[in-house]
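1. Sequence below, structure please.
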Amino acid sequence: MANPISRLTRPWYPSTALGLEKGTASIVEVDGGRGKGFSLRRAATVSLGESAIQPSFDQPNVPDSAELAAVLSELATSAGLIRQKKWSVTLPGATTRTLILTLETRPGSQRELEEVLAWKMDRGFGVPLNELSVSREALPKDSQGRDRYLVVATRMAVLAEYEEVFSSLGWRAGLILPRHLGEAQWLTGNGFKGDTLLVSSSDEGFTAMVFRDKQPIILRSILCEEQEREDEFYRLLLFYRDRRGADVAEASQMLSGLLVTGTGFSKVRASEIVNETLGGQLRALRATDVGLHLPAKDLSFDAIAAPAGLAALSL
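-> The predicted structure follows:
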């Protein structure tokens with residue numbers, strides 16, 4: 001099946017991308033594709049001060065736009081991309097909200113469809129839709145034949161903060177997505193069969209996405225303290241195990257791939273919990289396992305996985 005995330009892009013999007021996260025900003029230019037894997041033509045990361053970005057769905061994110069713009073300008077210069085004007089961008093997961101909406105019945109008209117989706121989004125996001133910038137993409141039907149949609153929302157006021165920074169640099173951000181959808185490209189854009197799991201972690205918690213044959217079937221964003229993280233992850237895996245038992249008749253390995261990103265979850269411990277709960281001998285995937293060849297210099301896959309994933313969609 002086609003990669004649903006790729007349908008959010010258009011051919012003119014560049015192979016350069018910016019990734020923003022609390023405490024870190026990364027810039028990449030990706031080369032390769034067409035079965036040969038991907039490599040980084042240019043890349044750079046920089047540590048941000050604690051106050052540079054304050055990821056939040058409800059509150060302002062950028063206290064000082066001039067300060068952030070200056071840091072990004074220096075970052076682009078260090079990567080040799082200061083002349084680049086077109087970018088794809090990944091924002092911190094906490095800045096956006098992502099839902100998979102399932103329609104219990106098929107609407108009788110386009111107007112009815114819009115009304116049903118608006119009602120579900122209003123309930124799911126908890127914010128009036130006129131305050132949100134919303135992107136949506138139709139997904140394949142679920143196992144019961146119900147229509148599904150992948151929906152991403154950002155408050156317009158928050159998005160305007162980031163766009164002000166980009167505008168001051170003369171940058172055009174043609175595609176802006178949450179971090180976990182950039183990282184998900186490394187699962188949906190590869191040849192994994194069956195189910196795969198992304199765990200995108202941060203200091204605030206984690207977002208987990210389960211894909212079946214490249215299509216998202218489960219998405220959960222969980223805010224929790226560090227000491228609660230393993231219990232929350234365990235409960236998520238039990239939910240997945242029960243749902244898979246109802247959806248899939250054959251007995252086979254539950255997960256064929258596990259990608260753990262960010263600094264909020266130990267990759268080793270996440271793998272142990274998955275194997276203890278679901279069986280199998282999975283280990284967290286590395287950059288080379290998903291077809292990304294990092295240069296010899298010290299460069300963290302965690303820092304560049306999201307922007308590199310978006311940049312790879314252009315190739």
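2. measure the closest residue to Gly291 other than its chain neighbours to Gly262 for me?
-> Nearest residue to Gly291, sequence neighbours excluded (CB to CB, 6 or more residues apart in numbering): Gly37, at 4.0 Å. Quick note: C-beta positions are derived from backbone N, CA and C, even for glycine. For Gly37, the distance to Gly262 under the criterion CB to CB, to the nearest Å works out to 23 Å.
3. cool, and Ser88?
-> 19 Å.
4. Those two: who's more crowded?
-> A side-by-side neighbour count of Ser88 and Gly262, using other CB atoms under 10 Å, places Ser88 first with 27 against 22.
5. Residue ranges in the chain under the pLDDT threshold?
-> Counting by pLDDT under 70, the ranges of the chain that qualify are 1-12, 33-35, 248-253, 296.
6. The residue nearest the centre of it: what's it in contact with?
-> Note on the chain: the residue nearest the mean C-alpha position is His180, at 1.7 Å, using CA atoms, centre = their mean. When contacts are counted by CB atoms under 8 Å, 6 or more residues apart in numbering, His180 touches 93, 98, 198, 200, 207, 209, 306.
7. what about 6 Å?
-> For His180, the contacting residues are 93, 200, 207, by CB atoms under 6 Å, 6 or more residues apart in numbering.
8. now the residues you listed in JSON lines, with neighbour count?
-> Formatted as JSON lines, the entries for the contacts of His180 read as follows, by neighbours: other CB atoms under 10 Å:
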{"residue": "Gly93", "neighbour count": "27"}
{"residue": "Ser200", "neighbour count": "27"}
{"residue": "Thr207", "neighbour count": "26"}
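9. Redo these as a markdown table? Include secondary structure.
-> A markdown table is the format used below for these (DSSP: H, G, I helix; E, B strand; the rest coil):
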| residue | secondary structure |
| --- | --- |
| Gly93 | helix |
| Ser200 | strand |
| Thr207 | strand |
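10. Closest one of those to Leu150?
-> Of all these, the one with the least separation from Leu150 (CB to CB) is Thr207, at 13.4 Å.
11. How about the secondary structure of the residue of the chain most remote from its centre?
-> With CA atoms, centre = their mean as the measure, the chain has its most outlying C-alpha, relative to the mean C-alpha position, at Gly108: 32.6 Å. The three-state label for Gly108, taken from three-state DSSP, comes out as coil.
12. contacting residues around it?
-> For Gly108, no contacting residues are found, by CB under 6 Å, 6+ apart.
13. Quick check: the gap between it and Glu115.
-> 11 Å.
14. what does Arg286 give?
-> Relative to Glu115, Arg286 is positioned 46 Å away (CB to CB).
15. now the helices for this structure?
-> Along the chain, counting by DSSP state H, helices occupy 65-78, 110-125, 156-168, 179-188, 229-247, 267-278, 301-312.
16. From Val116, how far out is the residue farthest from the centre of the chain?
-> From Gly108 across to Val116, the span is 10 Å (CB to CB).
17. Next: Leu103.
-> Remark: distance between Leu103 and Val116 (CB to CB) = 6 Å.
18. cool, Ser314 as well?
-> When distances are taken as CB to CB, Ser314 and Val116 turn out to be 33 Å apart.
19. likewise Ile100?
-> Here Ile100 is placed at a distance of 15 Å from Val116 (CB to CB).
20. Turn the helices of the chain into CSV, columns for distance to Asp58.
-> Supplementary listing: the helices of the chain in CSV, determined by distance: least, CB to CB, whole Å:
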stretch, distance to Asp58
helix 65-78, 19
helix 110-125, 11
helix 156-168, 8
helix 179-188, 18
helix 229-247, 21
helix 267-278, 28
helix 301-312, 22
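21. From the structure, what's the count of residues near Ala184?
-> Under the criterion other CB under 10 Å, the count of neighbours that Ala184 has is 29.
22. hey, what's the residue lying closest to it once chain neighbours are set aside bridged with?
-> In space, Ala184 comes closest to Leu198 once its chain neighbours are excluded; the distance is 5.4 Å by CB to CB, 6+ apart. When bridges are assigned using DSSP bridges, the partners listed for Leu198 are Met209, Leu259.
23. quick one: the residue lying closest to Ala138 once chain neighbours are set aside from Gln215, how far?
-> Using CB to CB, 6+ apart and skipping the chain neighbours, the partner closest in space to Ala138 is Tyr149 (5.7 Å). In this view, Tyr149 and Gln215 are 12 Å apart by CB to CB.
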